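**Student:** give me the fold of what follows.
(one chain, ligands or ions: 2)
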Amino acid sequence: MSILITNIGELVTNDPEADDLLGIIESAALVVDGAKVAWVGSAADAPAADQQVDAGGRAVLPGFVDSHSHLVFAGDRAAEFAARMAGESYAAGGIRTTVAATRQATDEQLTAHVARLVLEMRRQGTTTVEIKSGYGLTVKDEARSLAVARQFTEETTYLGAHVVPDGDPDEYVALVTGPMLEAAAPHARWIDAFCETGAFDADQARTVLTAGAAAGLSPRLHANQLGPGPGVRLAAELGLTAVDHCTYLSDDDVHALRESGTIATLLPGVEFSTRQPYPDARALLDAGVAVALASDCNPGSSFTSSMPLCIALAVREMRMTAAEAVHAATAMGAAALDRDDVGSLLAGKRADLVVLDAPTHVHLAYRPGVPLVTQTWIEGHPATVP
Ligand code: NIG
Ligand code: FE
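**Tutor:** Residues are numbered from 1 along each chain as shown. Ligands and ions are numbered 1, 2, ... in the order given. Below is the predicted model:
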């Protein structure tokens, strides 16, 4: 069954061949055939289809690709957030609070919680989401966290190396790279580590990612979130697809990212809710580094599921243009997950799209906090409850 969506005021295609970054077509139409886009172009040239939908002059964009989230958890850290807003600083140690609550929760409770957050994301235009483990930190709890995540996405990431829960760090790294990896690998596509003071150093992170790669997982990394450090250079040296946070970067780090082509995934929800300085997106883009945006949705450092909020923060606080921010939240999110079937609206791509109650993509930053996403389509079907 084919559907013609016509009278689109502005269609963001992310066509890499276009002269402008977003490959915008004005007064556009798009044909969906089954789960895929069959045609995009000027409304005046649109072919016939089985059904027709009038977009009423609204903007249509590729669905957001949120390449970094930690949705599998239980419990609440609102008190920690409130204390931070009253002057306390963010410390990675809060992760252990969530670990204790997550271990107590049943699979059913964890699944229901992830379902609620994924629905929240869809209502805000996210059509692809990556979900990490990392609040179990035992063989059983990491494996079941990933099994829960797998019910919602193929983009699952094993983050046994989130923090050392207790005991000897070397013994814990041996567990993460041994029995825990073996139990996690069947449910995961990616492996991640938190390379930071208070979590894992560069040697430990390298050991974890190398073991994961040997088990068939693709490595990615949390780095340079809380302070300067070796993580970003490690990511560049290993030629990772993406390295996430990148809040504290030296000139050498920026140079290394440009040379390796590793995508810097920036997570402005973290700086918003920890009051740390925002990453210097402008310096990265001006140096030719590829930049993606993601939510990092988690109960500690960034409890937002909203890609529109991340876009607005990136524009207002990180001096990205609205076009750069939308591109980073769609095409670059897809690139950060090594996906070429999502993140753009061109013939042959997945029909994952959002309809904004606004004439252009700029409104995502111009009208912060306003629920502009009126429809989210996944694989050719409306995917949200109105
Ligand atoms: O991406 N950086 C490490 N992990 C999460 C925070 C987790 C937490 O505070 O619970 C992050 O910011
Ligand atoms: Fe994270």
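
**Student:** mind listing the residues bridging to the residue nearest to A328 when sequence neighbours are not counted?
**Tutor:** In this structure, A328 finds its nearest non-sequential neighbour in L293, 4.2 Å apart by CB to CB, 6 or more residues apart in numbering. C-beta coordinates here come from the backbone N, C-alpha and C atoms, glycine included. According to DSSP bridges, the residues that bridge with L293 are L266.

**Student:** give the contact list for L293.
**Tutor:** By CB atoms under 8 Å, 6 or more residues apart in numbering, L293 lies in contact with 265-268, 307, 310-311, 314, 325, 328-329, 332-333.

**Student:** just the helices in the stretch 51-200 of the chain please.
**Tutor:** Along the stretch 51-200 of the chain, counting by DSSP state H, counting those that start in this stretch, helices occupy 78-85, 95-104, 107-123, 139-150, 169-177, 179-184.

**Student:** so how far is stretch 103-119 off the chain centroid?
**Tutor:** Offset of stretch 103-119 from its chain centre (CA atoms, centre = their mean, to the nearest Å): 19 Å.

**Student:** which parts of it are buried?
**Tutor:** For stretch 103-119, the neighbour count (16 or more other CB atoms under 10 Å) marks 103, 105, 110-111, 113-114, 117-118 as buried.

**Student:** got it, and stretch 330-340?
**Tutor:** For stretch 330-340, a neighbour-count test (16+ other CB under 10 Å) marks 330-337, 339 as buried.

**Student:** just checking, V40 touches N14?
**Tutor:** No: with contact taken as CB atoms under 8 Å, V40 and N14 are classed as non-touching, separated by 10.7 Å.

**Student:** contact residues of the stretch 251-386 of the chain facing ligand 1?
**Tutor:** By CB under 6 Å from any ligand atom, the residues of the stretch 251-386 of the chain that approach ligand 1 are 270, 296, 298-301.

**Student:** reformat those residues as JSON lines; add secondary structure, neighbour count and pLDDT.
**Tutor:** Shown next, in JSON lines, are those (DSSP: H, G, I helix; E, B strand; the rest coil; neighbours: other CB atoms under 10 Å; pLDDT from 0 to 100):
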{"residue": "V270", "secondary structure": "helix", "neighbour count": "26", "pLDDT": "98"}
{"residue": "D296", "secondary structure": "coil", "neighbour count": "28", "pLDDT": "98"}
{"residue": "N298", "secondary structure": "strand", "neighbour count": "25", "pLDDT": "98"}
{"residue": "P299", "secondary structure": "coil", "neighbour count": "23", "pLDDT": "98"}
{"residue": "G300", "secondary structure": "coil", "neighbour count": "24", "pLDDT": "96"}
{"residue": "S301", "secondary structure": "coil", "neighbour count": "27", "pLDDT": "96"}
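
**Student:** which one among the residues you listed gets closest to ligand 1?
**Tutor:** Proximity of these to ligand 1 was ranked by CB to the nearest ligand atom; the top entry is G300 with 2.1 Å.
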